[in-house]
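Enquirer: Requesting a structural model of the entry that follows:
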Amino acid sequence: VQLQASGGGLVQAGGSLRLSCAASGRIFRTYTAAWFRQAPGKEREFVAASSWNGGSTYYADSAKGRFTISRDNAKNTVYLQMSSVKPEDTAVYYCAADLKVAPAQYAYWGQGTLVTVSS
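Expert: Okay, here's the model as predicted:
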């Protein structure tokens, strides 16, 4: 599986942004998909995850109520809708995928897309 993240950019605090992650391969629909982020000088952290059919979703506390992960398996794409963004959301965002239901580590990673939130 190859993953390609896009949609990052500059957004003002309080605004919204939607990230996309396009995957290659028909079997992507069977994969757990997730978003992670890494802020400057910090370790990479989990943001959100979706089960293979979107029936179950999981969020970091920092994302709950503001971010929504979704997927369109017909398009082999996973999304992260970011709302009410804050300057502390500034980071490089990565999408990831794995065959396991709850992977400790994800096997497949896309390149990052930079999100910058201005105050």
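Enquirer: Near Tyr93, how many residues? Count them for me, please.
Expert: 23 (other Cβ atoms under 10 Å). Every C-beta, even on glycine, is put in place using the N, C-alpha and C of the backbone.
Enquirer: Spatially, what comes nearest to it if we skip its sequence neighbours?
Expert: Nearest residue to Tyr93 in three dimensions, chain neighbours excluded: Arg37, at 4.8 Å (Cβ to Cβ, 6 or more residues apart in numbering).
Enquirer: mind listing what Cys95 touches?
Expert: Residues counted as contacts of Cys95 (Cβ atoms under 8 Å, 6 or more residues apart in numbering) are Leu3, Ala5, Leu19, Cys21, Ala33, Ala34, Trp35, Phe36, Val78, Leu80, Trp109, Gly110.
Enquirer: hang on, the earlier thing: tell me the bridge partners for the residue nearest to Tyr93.
Expert: When bridges are taken as DSSP bridges, the partners of Arg37 come out as Glu45, Tyr93.
Enquirer: check contacts around it.
Expert: Contacts for Arg37 were tallied using Cβ under 8 Å, 6+ apart; they are Arg44, Glu45, Val47, Asp89, Ala91, Val92, Tyr93, Tyr94, Val115.
Enquirer: Repeat that for Ser83.
Expert: Neighbouring residues of Ser83 by Cβ under 8 Å, 6+ apart: Ser16, Arg66, Phe67, Thr68.
Enquirer: can you give me the strands in the protein?
Expert: 3-6, 9-12, 17-23, 32-38, 45-50, 57-59, 67-72, 77-82, 91-98, 108-109, 113-118 (DSSP state E).
Enquirer: Also compute the angle for the longest one relative to strand 77-82, please.
Expert: I take that to be strand 91-98. Put simply, strand 91-98 runs at 140 degrees to strand 77-82, going by axes from the mean of the first three to the mean of the last three Cα atoms, to 10 degrees.
Enquirer: Thank you, goodbye.
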